[in-house]
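Okay, here's the prediction I keep looking at, along with the sequence it came from:
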Amino acid sequence: MDSLNTKAQLLAEIEALHVRLREQHGTMPGEAVLSTVRVPAPFREPFLKAQEYVARYFADRVEDPTRSTISISGERYILVRAASMSVEFFDMVTSLYKDQGPKEARAVTNNLLFDLAHAIGKADAKSFHARMGVTDPISRLSAGPIHFAFSGWAFVEIHPESSPTPDEGYYLIYDHPFSFESDAWLKSGRRSERPVCIMNCGYSSGWCEESFGLPLVAAEVRCVACGDAHCRFIMAPPSRIEEHIARFHERARGGAGGTGGGGAPRGTRRAGAIVPEFFQRKRLEEALREANAGLEERVARRTEDLERANRALQTEVAERVRAERQQASLQRERDELLERLQLQLNLMPIGCILNDAQMRFTYRNRAAQHIFGYRFEEVVGRHPSELIIPASAQDDVAAIFRRVARGETVAPVIGENRTRDGRIIICEWHNTPLHRPDGEIIGVMSMVQDITERQQGEQRQTLLMRELDHRVKNTLASVLSILDNTVTDAPSLASFRDSFRGRILALARTHEALAHGRWSNVDLAEMIRSTLEPFSRDGGPAFTLSGPVAALPSEAAIAVCMSLHELATNAAKYGALSVPQGRIEIVTRYDADDAGRPALELTWSEDAGPAVSPPTRQGFGITLIHGMISHELGGRVEFEFPARGLVCRMVLPLTGREGL
Amino acid sequence: MTADTAGSPGSAPGRALRILIVEDNFLAACAMSDLIRKWGHQVVGPVASVTDACRLTEEGRLNGAILDVNIRGGSSAEVARLLDEKHTPFFFVTGYASPSVLPDPLSKRCCLRKPVDERVLRSTIDQEFQRREE
């Protein structure tokens, strides 16, 4: 073990002697010697250039203690005792932090020294890059180790397995022979448990970070202060540094050959403690920065999500407000339409009823209430058969409902209905099934009219038409009969013409009076005047009429008029009307007929005419009067023939006849 | 002019018949009576009431009857039923377009419309009354 250690020390010393030899020999003519740094062959050129430049830079050195300046190429420098920045600084901080333990003291020291050196390295690199006017990373790196050597920190030897690429793969492995820090520890006669070249780590990684524009840290994996042969460093991006350190120790354990074999057992022993906290801090900062960036990204994403959700919500709220407004407007429109419909239905003179599919009442308008007398509350939900269908019509109506429920549009139906107060009325119904668009029957709409009066009117009309027809035919039969009898009776054609004409006109006048009285009762006085008017003379009426006047049934009126016409005709030919002073008195009075029924007695008395005697033969006139009064009316006629004039007494039954 | 006044029997194509006339319109009754007498038949009536018509039907010896459907506002249906009981043939005359005032079985019976045509009246009398006598 000691022999191995001694061998390593001897090799180092030989190496150092080589360097001094080269320095003493000076530069060989025609060949530049790289004396202030040791680098792999490919890097030689830029480092030579840097060595020449830095040498020149440091050659221009002016010290003026009177002004307390040390000036190098115009840049002011300060001198610091190496021990005070290493072993003594460590002792002082340890004593300051002794109450918090050596671990905390070491952490403080390491952080402070590393950060300080890292900052100096970065600043020096920046200054030198500007002075040298270089841009590529290797050229920028080159001045660093040389500046290191000139400023008294350490000599740098870069190992060939280094791969300083400007990316995550950056890897630099190098030694610092003559590190001021380990030197200070050795000179103080102490050994350290842990590597001590903290400022070397900080300065070299700061320089390279600035040169490559890449965050870099360095760790010392072998240290002379710990008894190792070299102070050896690894530099890498913070995320990779531990991986490289672990691999270094792995290799050191496995291939404990010539290189650094002496430090291997202690390296293994110290493996767990080799990672300084400032690496962790750097890494934590990075992780924190990344986490921060991630957090910011997540926050940004989340914010975007929230904004999107917010926009969607606002859109939805706007939609809902619009929908609610639209619904309110539709509701208003619907209410207005319903109100108008209700108004129209209520003003309609025809009853309107709505039934559901089970034929129960769901609506009825005012006209329907008027027809049937039921209030809405009394009918709603009930079946028509309970209320307005009389027993006699139940079966027919049930059949109609069945047809309507099948969707048939039934022809208008006329039938009997019952009102609330029990009256039977006749109604005309129009029933229309109400379909939904899919064909389902949802009810029935019925229009109903009370046609009771109209039907009665129609019946009366029919009756009147039949009666008129009957009367016309009877009248024509009468005319034919009058014709036959007048012909039989007439002595000459002229006489026939007068008699026939007179009788037909009398019939016509009676009918006129009947039509005037609408074929019902006829005013007797008016009728007598009208019948006798053709027989009036210039000197005024030859008739007096006294006594009560009755309204006669139409048959009696015809009979009386025809009779009075015959009497007047006879009087004009043979009686009172054949002389200017002749007069006729008509007297009526109420009486009873032979059967004791109420009757009207009418007496025709002629006066001041030619003397009369009973006729020798009965002409058609007398036959007609007998026939009319006795046969047709069931009355009685008597004739008297006193000398002063004919008297005819008729008894006309006022009742006792069926009908009319 | 009385109900018993006989026409000339020689003018009838068959034997002389006794025919009851029930007609409340006097002029129509006159006209019909005159024609029937002219054809050599004997007129019973004319009468204008259901009571008189039924009385004469009961007395019998009728070969036929002519009934106005409406007599003094009533119907001659009662007379018609009595005539059917006595197996006496009859027919109706009416001024109405349809004999709807008659109860159902009677509304199917022979019915002449007023004013009655002379030839229709004569042929109806011959068909309805002479045939029944055979």
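Received it, and whenever you're ready, just let me know what you need. Treat the numbers as computed from the prediction; the structure is a model and nothing was measured. Numbers count the residues shown, from 1 in each chain, chains lettered A, B, ... in the order given.

what about the helix or strand A:Asn310 falls within, average pLDDT?
Remark: A:Asn310 resides in helix A:277-347, with elements defined by DSSP states H and E. Across helix A:277-347, pLDDT averages out at 85.

cool, and stretch A:12-22?
Mean pLDDT, computed over stretch A:12-22, is 74.

what's it in contact with?
Counting by C-beta atoms under 8 Å, 6 or more residues apart in numbering or on different chains, stretch A:12-22 makes contact with A:Val33, A:Ser35, A:Pro177, A:Ala229, A:His230, all of which sit outside it. All C-beta atoms are positioned from the backbone trio N, CA, C, and that covers glycine.

and with 7 Å instead?
Residues from elsewhere that reach stretch A:12-22, judged by C-beta atoms under 7 Å, 6 or more residues apart in numbering or on different chains: A:Val33, A:Ser35, A:Pro177, A:Ala229.

If we go by neighbour counts, what in that stretch is buried?
Counting neighbours by 16 or more other C-beta atoms under 10 Å in any protein chain shown, one finds that the buried residues in stretch A:12-22 are A:Ala12.

How about the contacts made by the residue nearest to B:Gln42 when sequence neighbours are not counted?
For B:Gln42, the nearest residue in space outside its immediate sequence neighbours is B:Arg18; the separation is 4.8 Å by C-beta to C-beta, 6 or more residues apart in numbering or on different chains. Taking C-beta under 7 Å, 6+ apart as the contact definition, B:Arg18 lies against B:Gln42, B:Val44, B:Arg61, B:Leu62, B:Asn63.

what's the closest of those to chain A?
Within the set of the contacts of B:Arg18, B:Val44 lies nearest chain A; the separation is 14.5 Å, counting by C-beta to the nearest C-beta.

A:Gly627 versus that closest one, what's the distance?
From B:Val44 over to A:Gly627 the distance is 17 Å, taken as C-beta to C-beta, to the nearest Å.

Equivalent analysis for A:Arg81, please.
Using C-beta to C-beta, one gets 181 Å for the distance from A:Arg81 to A:Gly627.

what's the answer for B:Arg113, then?
In this structure, B:Arg113 and A:Gly627 are 22 Å apart, going by C-beta to C-beta.

These two: who's more crowded?
A side-by-side neighbour count of B:Arg113 and A:Gly627, using other C-beta atoms under 10 Å in any protein chain shown, places A:Gly627 first with 26 against 17.

Need the nearest residue in space to the residue in the stretch 251-400 of chain A that chain B sits nearest to, chain neighbours excluded.
Nearest to chain B in the stretch 251-400 of chain A, going by C-beta to the nearest C-beta, is A:Ser392, at a distance of 21.3 Å. Among residues not flanking A:Ser392 along the chain, A:Glu416 sits closest, at 6.8 Å (C-beta to C-beta, 6+ apart).

And A:Ile72, its phi and psi?
Reported as degrees, to the nearest 10, the phi and psi values for A:Ile72 are phi -120, psi 120.

Over to A:Pro65?
Backbone geometry at A:Pro65, expressed as degrees, to the nearest 10, gives phi -60, psi -20.
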